[in-house]
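J.: This is a predicted model, with the sequence first.
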Amino acid sequence: MLFMMIVKASKNSEAGELPSNDLMEAMTKYNEELVKAGIRVYSKGLHPSSNGVRISYPKSGEKPVVSNGPFTESNDLIAGFILIDVKSREEAIEWALRMPDPQGHGEGQIDLRQVF
């Protein structure tokens, strides 16, 4: 079963601030554990939304609207993701719970979603 651990953005990630060395080491160790367990498919961090483009469809049948970042709805923004292939939802939750606070400031948040 494929699951995506979606790391939510924070004020720090949106400001383009890199994680501390301690957090980078902890995340590297965590990713190595995922690889060693044979479940990590892919993982990447994302640039802040200030480098992004949003395409929205406000009216059915009409042309989409293109907006340049940054985007202010920080609760909806993503800072990165890890795609894992596990045997069950419970195993995916266990692995997600092992991830260090991805923002390192007590503001980390992870959404766990199964992939079709």
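T.: Received it, and whenever you're ready, just let me know what you need.
J.: longest single helix anywhere in the protein?
T.: helix 21-36 (DSSP state H).
J.: by contact count, what packs against the helix or strand that that one is followed by?
T.: Next helix or strand after helix 21-36 toward the C-terminus (DSSP states H and E): strand 40-45. Here strand 40-45 touches helix 21-36, strand 78-85, going by 3 or more C-beta pairs under 8 Å, 6 or more residues apart in numbering; DSSP states H and E. C-beta here means a position set from N, CA and C on the backbone, and glycine is covered the same way.
J.: Please state the offset of strand 40-45 from the chain centre?
T.: With C-alpha atoms, centre = their mean, to the nearest Å as the basis, strand 40-45 stands 9 Å off its chain's centre.
J.: Show me which residues of it are buried.
T.: Neighbour counts over strand 40-45 (16 or more other C-beta atoms under 10 Å) mark 40, 43 as buried.
J.: who touches that strand?
T.: Residues outside strand 40-45 that contact it (C-beta atoms under 8 Å, 6 or more residues apart in numbering) are 2, 7, 31, 34, 79-85.
J.: ok, back up a step: mind giving me the packing neighbours of the longest helix of the chain?
T.: strand 40-45, strand 78-85, helix 89-98.
J.: mind listing what the shortest one pairs with, with the direction of each?
T.: Note on strand 40-45: by DSSP bridges, its sheet partners are strand 78-85 (antiparallel).
J.: The helix or strand bottoming out on mean pLDDT in the chain: which residues count as buried?
T.: Taking mean pLDDT, DSSP states H and E as the measure, the helix or strand of the chain with the lowest value is helix 11-14, at a mean of 88. Neighbour-count burial for helix 11-14, counted by 16+ other C-beta under 10 Å, picks out 12-14.
J.: Next: stretch 42-56.
T.: Residues of stretch 42-56 classed as buried by neighbour count (16+ other C-beta under 10 Å): 43, 48-49.
J.: Now flag whichever of those residues is closest to residue 25.
T.: Nearest to residue 25 among those is residue 43, at 15.7 Å by C-beta to C-beta.
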